[in-house]
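[1] Pasting the sequence and the predicted coordinates here, then a few questions.
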2 protein chains.
Amino acid sequence: MAAELNRNVSGEQTRARLLDVAERLFAELGYDGTSLRALAADAAVNLAAVNYHFETKEALYAEAFARRFREVNVERDKLLEEAAEKWGGGVLPVREVLHAILWPAFCMTQRRPHFRDLLARNLLTPPPFLREVVARENGAIMARFVKEMMRSAPHLSREQTFTRMQFTAGSLLFLVASNDPIKVPFRPLKGSKAYEELLAFATAGMETGGPPL
Amino acid sequence: MAAELNRNVSGEQTRARLLDVAERLFAELGYDGTSLRALAADAAVNLAAVNYHFETKEALYAEAFARRFREVNVERDKLLEEAAEKWGGGVLPVREVLHAILWPAFCMTQRRPHFRDLLARNLLTPPPFLREVVARENGAIMARFVKEMMRSAPHLSREQTFTRMQFTAGSLLFLVASNDPIKVPFRPLKGSKAYEELLAFATAGMETGGPPL
DNA sequence: CAAGTAATCAAACGTATGTTTGAAATACAG
DNA sequence: CTGTATTTCAAACATACGTTTGATTACTTG
């Protein structure tokens, strides 16, 4: 009977430490490149603690990624709702819809470089055990924003809208992902300059007419 | 002395079989997910053949990826040269420059789904031993096309041009990469329709004015 | 044919991995 | 304090991996 209430005594601390270290190491070295021994040592916990608190290595990896990903999507929903209120039920400008989906992800990747790397690793080619999670989570947010975008860009078909939203997502990821500037005689734009550029690019691409059939 | 000429007796066959199987398995299962034993078995060669013909697993992986990547970039250069001739030294339309860089990659990923998956795995988050190769190869092609694009889009700064070319690359990758349509109530555009959409999106994004400073 | 190089093969080496186990320690309830 | 559930710990388990080795076969050259 003495349960359900004494959860956050000490176990929560090691659990949290494991998640944080997992986020960093998995981001830097990938899933296979990170051993649970190195992870446990870095978190200063016993090796068996991983299996005790997360059952398996895969579950730890999935949780480390999914918790930030969900944060981003919650924020996206919030921004979209706020924009909808601001425009009083009317049609949102394309730029406003794009901002709602891009800004939370941009902020999170700027604030947390490790999540940025996890995103780059898992959005296009997630490990098999993560495919379902990514597909569901990303599918839900896509469905919501495509529906909204179709109101803002009525010149696009359903498939066109979805496809161009994919372009937008790809642009975002390539902007934030660590292209190390070595070997390239350019420095990419940084910070707000970079975000303005992304928004301008995606808005123009979204607003342009379809190809001549 | 009896060397340098009897190279393609039988060794070339196993070498080629290994490369083809490597392309497929590495694409499907990733670098760590593919064991040399499974690879050799699939290619119907002895396990030690891999180390004999390629020295290491990493070298095999790098070669399997780089050979197609180089094919694409050679084609890109060719298309850009042809376009330059066609426009007689004048300024190329933005759309023409984009076509030269997008079309070869689009074709290759359509014809070879395995290379498409390798591209998705290695363009953003390559294994450490491949970072230099990708950076050099991709950096060279980027430098050439940014230089050309700056003539076609003189309203953009050097950094803007580079950044928007990154957007374009991201759009391309997200178009071709296998987003399995499960969990999403949309079907992405396919084939030439999809390519037209990509070109329209990127052209509009490239041609739009910069953000107000 | 004879000699020498290239290629194939079965077997073993050394090592690193995720997970499990059972006991010891810690914290809390009655 | 006593007893119970939660958490930590050192050790071992079972297995899979990339690579190397040394012998054997296939082939080309002189």
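    Cool, the structure landed.
[2] How many neighbouring residues does the residue of chain A found nearest DNA strand D have?
    Closest approach between chain A and DNA strand D, counting by CB to the nearest atom of the strand: A:G11, at 2.8 Å. Using the backbone N, CA and C atoms, a C-beta is placed for each residue, glycine as well. As a burial measure, A:G11 scores 13 neighbours (other CB atoms under 10 Å in any protein chain shown).
[3] So which residues of chain A form helices?
    With DSSP state H as the criterion, chain A has helices at A:11-33, A:36-43, A:48-54, A:57-86, A:94-111, A:113-122, A:128-152, A:158-176, A:191-207.
[4] Could you say which of these is packed most deeply?
    Neighbour counts (mean count of other CB atoms under 10 Å in any protein chain shown) averaged over each of the helices of chain A peak at helix A:158-176, with a mean of 24.
[5] Quick one: mean pLDDT for that one?
    Here helix A:158-176 scores 96 as its mean pLDDT.
[6] Equivalent analysis for stretch A:118-133, please.
    Mean per-residue pLDDT for stretch A:118-133: 96.
[7] Ends of it, what's the gap?
    14 Å (CA to CA, to the nearest Å).
[8] Tell me if that stretch is near DNA strand C.
    No - figure legend: stretch A:118-133 not in contact with DNA strand C (CB under 7 Å from any atom of the strand); closest approach 10.0 Å.
[9] Is chain B within reach of that stretch?
    Yes - applying CB under 8 Å from any CB of the partner chain, one finds stretch A:118-133 touching chain B at A:120-121, A:124-125, A:127, A:131-132.
[10] Let's check: the centremost residue of chain A is which one?
    With distances taken as CA atoms, centre = their mean, the residue of chain A nearest its centroid is A:F69 (4.5 Å).
[11] That one and A:L130, how far apart?
    10 Å (CB to CB, to the nearest Å).
[12] The residue nearest to the centre of chain A and B:W87, how far apart?
    Distance from A:F69 to B:W87, counting by CB to CB: 45 Å.
[13] and what of A:S152?
    Noted for A:S152: a distance of 36 Å to B:W87, by CB to CB.
[14] Check A:Q160 too.
    With CB to CB as the criterion, A:Q160 and B:W87 are 30 Å apart.
[15] now swap in A:F115 and tell me
    For A:F115 relative to B:W87 (CB to CB), the value is 44 Å.
[16] With A:K147 instead?
    42 Å.
[17] Likewise for A:V146?
    A:V146 sits 38 Å away from B:W87, going by CB to CB.
[18] and what of A:R76?
    In terms of CB to CB, A:R76 sits 43 Å off from B:W87.
[19] ditto for A:E137
    Going from A:E137 to B:W87 by CB to CB gives 46 Å.
[20] Ok, A:A48 next?
    A:A48 is 67 Å from B:W87, by CB to CB.
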